[in-house]
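S.K.: Fold the following for me, if possible:
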Amino acid sequence: MTSATLEATVQAKDAEIAALRAALAKLERENKRLADELTVLLNRLFRKKSERLDPAQLRLLIEELTASAPAETPPAAEPPSVPVKAHRRGHGRAAFPPHLPRETVELDVAPEERICPDCGQEMQAFGVETTERGHIIPARMIVKQYVRKKYACPGGHAVRTATLPPSLIEKCKYEPSVYAHLVVAKYGDHLPLHRLSGIYKRQGFALPKSTMWEMLRRVDEIVAAPILRQMRRELLAEPLLQADETPVIVQLEDDRKSHKGYIWCYGVGKRRVFQFTLTRERDGPRQFLSGWRGHTLQTDGYSGYDEVTRVNELVRAGCWSHARRKLKEALDTGAREVIDLIRPVQRLFRIERALHRRAEAQGLSPEAWRELRIDVRRRLSTRVLTRIRTRVDALCEERSTLPKSKLGQALTYLDNQWTPLTRFLNDPALEIHNNDSERALRHVVTGRKNWLFFGSPDGARVGANLFSLVATCKALEINPQAYLEDVLQRVDHTPASRIAELTPWAWAAQ
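M.R.: Numbering: from 1, shown residues only. As a prediction, the model looks like this:
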């Protein structure tokens, strides 16, 4: 073998070894990425969902890193953490609320037992001892019989009968209370219709699923549609809105195949309106927010809101809860270098919670609250954000940070969303998170675990509308059963010019 041939063979072998090493490195990166995905999925299934971390837990992780780090690299200086107050558990039994009706059952000692066993004299009463025990009367159907006397003129000129109370529809079989109960049971307590049918059968009467579905549709048509139009008009008069979405499974009517649809939540504070769409495309936000221009929209980093933001000239604000969640996922996969990012992010949330506590304790006016918030954010939150930005840049430049790893994805999210995430510094009306929308969507998520899917796109639309009313009532801490029962009786004779009086927040104020 000549020297040239030998050299060519060696070069080929070297190239083959380099290719194998590159393939091995690629497989190791892919294996690490898949392992991280598996860890995140298992955590979502079996661990608590909150991304908040106890400061003591972070200190333990930092001590672990410090112990394993070289002696010449001192840990970064950290401001003293706020001590966490231990929650004291309550003692004793809580009394029943005073507004609950009481039924008195008097118990007395038998006459022969009133004789003193020592001296034989009759005992005298000197007081009472009252013991309270709860008792539940299960819900039951009561049939109201409206008995109307008929009056006739002796001369045969006229006949008079008392007028029936108004009903939801002509010749209606059920009172408005039954309609309101069905809405709350289905969309407030998340009971599927077949389960409700079984409950009613136990009580001795039949209410088929098809009948209940028609009743829910009637509530949507008579009550939800006009009130939701007014709720949407009032929301679009606000300068700030939050938005989020969650997937739901829908059966298509033509071939009964399952399809992934989406329920969107729009609102601010305790005012929320849900909307259903068959896709997650940009048409959903663009349709709902049409005409809402020049305001602030707070969402996560989903690109489906980009079109409406551009067309309506909106200011896009970000959500630090989503950013923190991605950092927590990276920490769960073993990326301990993310601790220096999680700590300042937690600091942002502590500052906001302290502001809320101070405002409640001092009873600040809206103007004073805004001034306090903008001052504290510019003095404290700005420094925290500078520290976060510095750490993000440092981790992005490290060669060990893989773009497809959970840490790389978290850093990419922070980098791409940095401008929306810092909007809150100059807007005191803006929260640093979008948790109110996520909290409202929990009604849908909890229901989804019970009824699993919507039977049709029309069912999903009706569900989104009725979810809007029930979820808003719960946020306002009013009884959705009482609200719906009252509105069902009033909406028919309420003119369109006064429909604003029937929104949940107007009803709560009344």
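S.K.: SS state for A206?
M.R.: Three-state call for A206 (DSSP: H, G, I helix; E, B strand; the rest coil): coil.
S.K.: Now for it: which residues touch it?
M.R.: Counting by CB atoms under 8 Å, 6 or more residues apart in numbering, A206 makes contact with S197, Y200. C-beta: built from backbone N, CA, C; applies to glycine.
S.K.: next one: phi and psi at it?
M.R.: With angles defined as degrees, to the nearest 10, A206 sits at phi -110, psi 130.
S.K.: Report the separation between it and M231.
M.R.: According to CB to CB, to the nearest Å, A206 and M231 sit 35 Å apart.
S.K.: Also T211?
M.R.: T211 is 28 Å from M231, by CB to CB.
S.K.: where does the stretch 51-200 of the chain dip in pLDDT?
M.R.: 51-92 (pLDDT under 70).
S.K.: mind listing the helices for it?
M.R.: 55-68, 176-187, 193-202 (DSSP state H, counting those that start in this stretch).
S.K.: Next: the stretch 401-510 of the chain.
M.R.: Using DSSP H, counting those that start in this stretch, helices in the stretch 401-510 of the chain cover 406-416, 418-421, 435-451, 457-475, 480-490, 504-509.
S.K.: Tabulate the ones you listed in a markdown table, adding columns for mean neighbour count and mean pLDDT.
M.R.: Below are those laid out as a markdown table (neighbours: other CB atoms under 10 Å; pLDDT from 0 to 100):
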| stretch | mean neighbour count | mean pLDDT |
| --- | --- | --- |
| helix 406-416 | 20 | 91 |
| helix 418-421 | 17 | 95 |
| helix 435-451 | 17 | 91 |
| helix 457-475 | 23 | 94 |
| helix 480-490 | 20 | 93 |
| helix 504-509 | 17 | 94 |
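S.K.: So which of those is nearest I199?
M.R.: Between I199 and the helices of the stretch 401-510 of the chain, the shortest gap by CB to CB is with helix 435-451, which sits at 13.6 Å.
S.K.: Using CSV, write out every CA atom in that closest one.
M.R.: Extracted as CSV, the C-alpha positions of helix 435-451 are listed here (Å, rounded to 0.1, in the frame of the first residue of the first chain):
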residue,chain,number,x,y,z
ASN,A,435,-53.9,34.9,35.9
ASP,A,436,-57.5,36.3,36.0
SER,A,437,-58.2,34.8,32.5
GLU,A,438,-56.6,31.5,33.4
ARG,A,439,-58.6,31.4,36.6
ALA,A,440,-61.8,32.0,34.7
LEU,A,441,-61.0,29.3,32.2
ARG,A,442,-60.7,26.8,35.0
HIS,A,443,-64.5,26.5,34.9
VAL,A,444,-64.1,25.1,31.4
VAL,A,445,-61.2,22.9,32.3
THR,A,446,-63.0,21.4,35.3
GLY,A,447,-66.1,20.8,33.3
ARG,A,448,-64.0,19.2,30.5
LYS,A,449,-62.9,16.5,33.0
ASN,A,450,-66.5,15.6,33.7
TRP,A,451,-68.4,15.8,30.4
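S.K.: tilt between it and helix 193-202?
M.R.: On the basis of axes from the mean of the first three to the mean of the last three CA atoms, to 10 degrees, helix 435-451 is oriented at 60 degrees to helix 193-202.
S.K.: Run the chain-centre distance for helix 435-451.
M.R.: 5 Å (CA atoms, centre = their mean, to the nearest Å).
S.K.: from what I can see D492 touches I222, true?
M.R.: Yes: using CB atoms under 8 Å, D492 is in contact with I222, at 7.2 Å.
S.K.: Which of those two has more residues huddled nearby?
M.R.: More crowded of D492 and I222, by other CB atoms under 10 Å: I222, with 17 against 12.
S.K.: Find the residue closest to that one in space, skipping its chain neighbours.
M.R.: V491 (6.2 Å; CB to CB, 6 or more residues apart in numbering).
S.K.: Contact partners for that neighbour?
M.R.: Counting by CB under 8 Å, 6+ apart, V491 makes contact with I222, V223, P226, I227, I499, L502.
S.K.: which of those has the most neighbours?
M.R.: Going by other CB under 10 Å, V223 tops these with 25 neighbours.
S.K.: What distance do you get for that residue to R233?
M.R.: 16 Å.
S.K.: And A354, by the same measure?
M.R.: In terms of CB to CB, A354 sits 36 Å off from R233.
S.K.: for F349, same thing?
M.R.: Using CB to CB, F349 is found at 34 Å from R233.
S.K.: how about the strands in this structure?
M.R.: Here the chain has its strands, by DSSP state E, at 150-152, 159-161, 240-251, 258-268, 271-277, 296-298, 315-317.
S.K.: which residues sit against the second one?
M.R.: Yep, that's strand 159-161 we're talking about. Contacts with strand 159-161, where a contact means CB under 8 Å, 6+ apart, come from R148, K149, K150, Y151, A152, C153.
S.K.: Mind putting those residues into TSV with distance to D415 and neighbour count?
M.R.: Formatted as TSV, the contacts of strand 159-161 follow (distance: CB to CB, whole Å; neighbours: other CB atoms under 10 Å):
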residue	distance to D415	neighbour count
R148	74	10
K149	79	7
K150	80	8
Y151	82	10
A152	85	11
C153	87	9
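S.K.: Return the closest of those residues with respect to K474.
M.R.: Distances from K474 to the contacts of strand 159-161, taken by CB to CB, are shortest for R148, at 39.2 Å.
S.K.: What count of nearby residues applies to the residue nearest to that closest one when sequence neighbours are not counted?
M.R.: Excluding the flanking residues, the one nearest R148 by CB to CB, 6+ apart is A162, at 4.5 Å. The burial count assigned to A162 is 11, neighbours taken as other CB under 10 Å.
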